[in-house]
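A.B. asks: missing the sequence, but the structure's below:
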């Protein structure tokens, strides 16, 4: 085994598992409520923070989590997604319109201006 494998197995996995147990005690199986898409959203959000800190060089000293903690959370979201995939739970499709691509024109649904207060 490589040195990295020993470090991952002996140090990182136990550390991650300890943190995941704490988070699981707080959140439980809440990931089942919104399904696999919600896990993707959480992962996407976390990856944005990782990118800003490690790629863009943004100062993270004022953030609630440091980049290392964010990556540990990201690993947890990956495992939660695998949990949902392995259980073959149906993908939940909320009743919201899909996002339009930037090159497509946007027109609000008929009557949206009155209902949403966007008419003035």
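C.D. replies: Here it is on my side, so go on. In this text, all values refer to a predicted model and were calculated from it rather than measured experimentally. Residues are numbered from 1 along each chain as shown.
A.B. asks: return the list of helices and strands in contact with the helix or strand where residue 80 lies.
C.D. replies: Assigned by DSSP states H and E, residue 80 falls within helix 67-86. With contacts defined as 3 or more Cβ pairs under 8 Å, 6 or more residues apart in numbering; DSSP states H and E, helix 67-86 has these neighbours: helix 13-27, helix 31-34, helix 36-50. C-beta coordinates here come from the backbone N, C-alpha and C atoms, glycine included.
A.B. asks: name the helices or strands packed onto the last one?
C.D. replies: I take that to be helix 36-50. Using 3+ Cβ pairs under 8 Å, 6+ apart: helix 36-50 touches helix 67-86.
A.B. asks: how far off centre is the helix it packs on?
C.D. replies: Distance, stretch centre to chain centre, for helix 67-86: 8 Å (Cα atoms, centre = their mean, to the nearest Å).
A.B. asks: next, the angle helix 13-27 makes with it.
C.D. replies: Orientation check (axes from the mean of the first three to the mean of the last three Cα atoms, to 10 degrees): helix 67-86 against helix 13-27 gives 70 degrees.
A.B. asks: spatially central residue in the protein, please.
C.D. replies: residue 42 (1.3 Å; Cα atoms, centre = their mean).
A.B. asks: okay, now the unreliable bits of the protein?
C.D. replies: 89-120 (pLDDT under 70).
A.B. asks: can we see that at 90?
C.D. replies: 1, 26-38, 85, 87-120 (pLDDT under 90).
A.B. asks: count of neighbours near residue 47?
C.D. replies: Counted with other Cβ atoms under 10 Å, residues neighbouring residue 47 total 14.
A.B. asks: having no further points to raise, I will conclude here.
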